[in-house]
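[1] 3D, please:
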Amino acid sequence: MHIAIAGNIGSGKTTLTSLLAKHFNWEPHYESVDDNPYLNSFYEDMRRWSFNLQIYFLNSRFRQIVKIRKSGGKVIQDRTIYEDAHIFAPNLHEMNLMTTRDFDNYRALFDLMSTFIQPPDLLVYLRASVSTLVNQIQKRGRDYEESIRLDYLKRLNERYETWIGGYVIGNKLIVNVDKRDFTGNPEDLGFVIERINAELHGLF
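    Residues are numbered from 1 along each chain as shown. Have a look, this model is predicted:
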């Protein structure tokens, strides 16, 4: 079984992945952040490093999915390969931070990879306003995220909403992070767990 957590920067994906992995005894697969060789450079010069960063993520997540499917276990994944292709890469292209040549190359590679993978059994999307994202980004205090602009987060949020609205390749569950503090409130976490159980097992 493959569960995936999707959402914008600062929406709480990694935290929820950890909490659900512990509760359900699922194997967590996290996004490569701390060992990512391009992130710092990307936030310093997005135009120069956008293509390199997106190719790194594409490769990393494709390898994750192959490993997940081969394992045959119960896995929860922090962020999906679809978010890179439908949100981050096209956003960089639209902002003139990735050339059309590089974007077309990236999309061709993703289109090929997507023919070899299956969507997750359940996609959990964390919906959050820009103000909530900013608050949570500031709380975790990653140096390379200090330069993230509000308009960048807003653009990503708009793309996320368009993407999740048209997501029809598998089951999805939307959690409003503005109203659910699953980190600090056990009742809110319990609500999310109940909803996931309902989606997976049809309990409600």
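[2] Surely P120 is in a helix?
    No - counting by DSSP: H, G, I helix; E, B strand; the rest coil, P120 is located in no helix; its state is coil.
[3] quick one: it from L39, how far?
    Distance, P120 to L39, using Cβ to Cβ, to the nearest Å: 24 Å. All C-beta spots, glycine's among them, are computed from the backbone N, C-alpha and C.
[4] How about M46?
    11 Å.
[5] next one: N105
    In terms of Cβ to Cβ, N105 sits 21 Å off from L39.
[6] what do you get for E31?
    Taking Cβ to Cβ, one finds E31 at 10 Å from L39.
[7] What residues of stretch 197-204 count as buried?
    E199 (16 or more other Cβ atoms under 10 Å).
[8] hmm, I was thinking of stretch 99-116
    Applying 16+ other Cβ under 10 Å to stretch 99-116 flags D102, F103, Y106, L109, F110, M113, S114 as buried.
[9] The third one: which element?
    So that's Y106. With secondary structure defined by DSSP states H and E, Y106 is part of helix 100-114.
[10] tell me what whichever helix or strand comes after that helix is packed against?
    Sequence order places strand 122-127 as the next helix or strand after helix 100-114, per DSSP H and E. Under the contact definition 3 or more Cβ pairs under 8 Å, 6 or more residues apart in numbering; DSSP states H and E, strand 122-127 sits against strand 2-7, helix 13-24, helix 150-165, strand 171-176, helix 186-201.
[11] contact partners of the helix holding Y106?
    Under the criterion Cβ atoms under 8 Å, 6 or more residues apart in numbering, residues 50-51, 54-55, 58, 62, 81, 84-85, 89-90, 92-93, 98 lie in contact with helix 100-114.
[12] Which single one of these is nearest to R140?
    The closest of the contacts of helix 100-114 to R140 turns out to be D84 (Cβ to Cβ; 21.0 Å).
[13] before we move on, which element is the residue lying closest to that closest one once chain neighbours are set aside in?
    Nearest non-adjacent residue to D84, counting by Cβ to Cβ, 6 or more residues apart in numbering: F57, 5.0 Å away. For F57, the host element (DSSP H and E) is helix 46-71.
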